[in-house]
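>>> Quick check, what structure comes out for this input:
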Amino acid sequence: MSVIPQHGMIPYCTDDDPGRQNVSLHSVMMWTVNIEAERPRLRALAYRMLGTVVDAEDVVQ
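The predicted structure follows:
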């Protein structure tokens with residue numbers, strides 16, 4: 001079955017929810033902005049856990 005997304009909506013499917021849901025492009029962009037804002041804190045946490053900058057960068061990406 002093919003799904004044609006509505007204007008401004010993108011379909012996605014997760015392992016936890018086999019059904020399809022529509023998510024607005026705006027909400028995806030806001031989620032990305034929030035993650036990017038937290039990237040330095042996440043990198044620092046990963047560095048403390050893993051001990052190397054290279055490993056921390058890999059995990060955060």
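
>>> For stretch 43-56, which outside residues touch it?
The contact list for stretch 43-56 (CB atoms under 8 Å, 6 or more residues apart in numbering) reads Glu57, Val59, Val60. Where you see a C-beta, it was placed from the backbone N, CA and C, and this is true even at glycine.

>>> Give me the pLDDT for the second one.
This points to Val59. Val59 carries a pLDDT value of 94.

>>> Give me the neighbour count for it.
14 (other CB atoms under 10 Å).

>>> Spit out the contact partners of it.
So Val59 contacts Ala46, Leu50 (CB under 8 Å, 6+ apart).

>>> how close does Val54 sit to Arg43?
Distance, Val54 to Arg43, using CB to CB, to the nearest Å: 11 Å.

>>> Name the residue in the two with the higher neighbour count.
Arg43 (16 against 9).

>>> Name the SS class of the more buried one, please.
helix (DSSP: H, G, I helix; E, B strand; the rest coil).

>>> per-residue confidence averaged over the helix or strand containing Met49?
Element membership for Met49 (DSSP states H and E) is helix 25-50. The average pLDDT within helix 25-50 is 90.

>>> Would you mark the buried spots in that helix?
Arg43, Ala46, Tyr47 (16 or more other CB atoms under 10 Å).

>>> same thing with stretch 53-61?
Ala56, Val60.

>>> Alpha carbons of it, in PDB - could you do that?
C-alpha atoms of stretch 53-61 as PDB (Å, rounded to 0.1, in the frame of the first residue of the first chain):
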ATOM      1  CA  VAL A  53      36.700  12.600  21.900                       C
ATOM      2  CA  VAL A  54      36.500  10.400  18.700                       C
ATOM      3  CA  ASP A  55      34.200   7.900  20.400                       C
ATOM      4  CA  ALA A  56      32.100  10.700  21.900                       C
ATOM      5  CA  GLU A  57      31.700  12.300  18.400                       C
ATOM      6  CA  ASP A  58      30.700   9.000  16.900                       C
ATOM      7  CA  VAL A  59      28.000   8.400  19.500                       C
ATOM      8  CA  VAL A  60      26.600  11.900  19.300                       C
ATOM      9  CA  GLN A  61      26.300  11.700  15.500                       C
END
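
>>> Doesn't Ala56 lie inside a helix?
Yes: per three-state DSSP, Ala56 lies within a helix segment.
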